[in-house]
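S.K.: pasting the structure only:
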């Protein structure tokens, strides 16, 4: 897909419904949204607000049922399955609340996984990419440890390294601090902020305002609708919070 000047993400009147026999359950309504490259955006809302559904659509894990979704100017519903598979493998990555690591694999092996199925990165580059991603999240000293030997914060940073290793356009983080204590949560948010400062687009989903405020922009959802989209708040700097904890 060629680079162009279009926004990274744009939705116009985007809608989503789930269907069960004759029953339609609408969950997203009239979502108009533009996200540019290198933004750090938090999508915030209570459980059931539609924030995870929206993230899944933006990350090509689900399909919208109305309106338009454009990824760098190209309509998502016009993309064939090969194009969608390539985008999932190369241009977007995910960090989930539950980590989703292989418990009996090392940090290094977990981070390597996306490269094994990557369509363009040659095997000769894998080890260097893995080492760089692990170093970026500060886990080089733990690279040979099994993931079930790690703390919660270390597991999530491993998941971030795994998301980073393919050098995607966007990293989606779905409640990345939800299973962590406050200290580990701040360390994870610090890693995401550093990635954003290095040029990565971050889209964070959370129900916690204190977590959302680590972003530079907060989009609030309620009952499937955007109720607020603001940059008028003081962004919390995780590095400063981390130093205060010590």
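M.R.: Yep, it's here. Given the structure is predicted, the values throughout are model-derived calculations rather than measurements.
S.K.: And the contacts of the biggest helix by length in the chain?
M.R.: Longest helix of the chain, by residue count under DSSP state H: helix 182-197. Helix 182-197 has contacts (CB atoms under 8 Å, 6 or more residues apart in numbering) with 38, 40, 136-138, 151-153, 156-157, 160, 164, 171, 173, 176-177, 180, 202, 204, 211, 214, 216, 236-239, 241-242, 245. No exception for glycine: its C-beta is placed from N, CA and C like everyone else's.
S.K.: Please flag which of these sit within helices.
M.R.: Counting by DSSP H, the contacts of helix 182-197 contribute 136, 152-153, 156-157, 160, 164, 211, 238-239, 241-242, 245 to helices.
S.K.: hmm, which two among the residues you listed are most spread apart?
M.R.: Maximum pairwise distance in the ones in helices among the contacts of helix 182-197, criterion CB to CB, is 24.3 Å, between 164 and 245.
S.K.: When those two are compared, which one has more neighbours?
M.R.: A count of neighbours by other CB atoms under 10 Å puts residue 164 above the other of residue 164 and residue 245, at 24 against 9.
S.K.: lowest average confidence, helix or strand, in this protein?
M.R.: helix 238-245 (a mean of 77; mean pLDDT, DSSP states H and E).
S.K.: How far does that helix sit from its chain's centre?
M.R.: Relative to the mean C-alpha coordinate of its chain, helix 238-245 is positioned 23 Å out (CA atoms, centre = their mean, to the nearest Å).
S.K.: List the buried residues for that helix?
M.R.: For helix 238-245, burial by neighbour count (16 or more other CB atoms under 10 Å) applies to 238, 241.
S.K.: and the most centrally placed residue in the chain, bridged to which residues?
M.R.: Nearest to the geometric centre of the chain sits residue 172, at 0.8 Å (CA atoms, centre = their mean). Taking DSSP bridges as the rule, residue 172 bridges to residue 94, residue 203.
S.K.: show me what contacts it?
M.R.: Per CB under 8 Å, 6+ apart, neighbours of residue 172: 55, 58, 59, 92, 93, 94, 95, 203, 205.
S.K.: try residue 216
M.R.: Contact partners of residue 216, counting by CB under 8 Å, 6+ apart, are 39, 40, 41, 196, 231, 235.
S.K.: Now, those that are in strands?
M.R.: Those of the contacts of residue 216 mapping onto strands are 40, 41, per DSSP state E.
S.K.: what about residue 12, which helix or strand?
M.R.: Here residue 12 is covered by strand 9-20, with elements defined by DSSP states H and E.
S.K.: Which other helices and strands does that strand contact?
M.R.: Helices and strands touching strand 9-20, by 3 or more CB pairs under 8 Å, 6 or more residues apart in numbering; DSSP states H and E, are strand 23-35, helix 51-58, strand 66-71.
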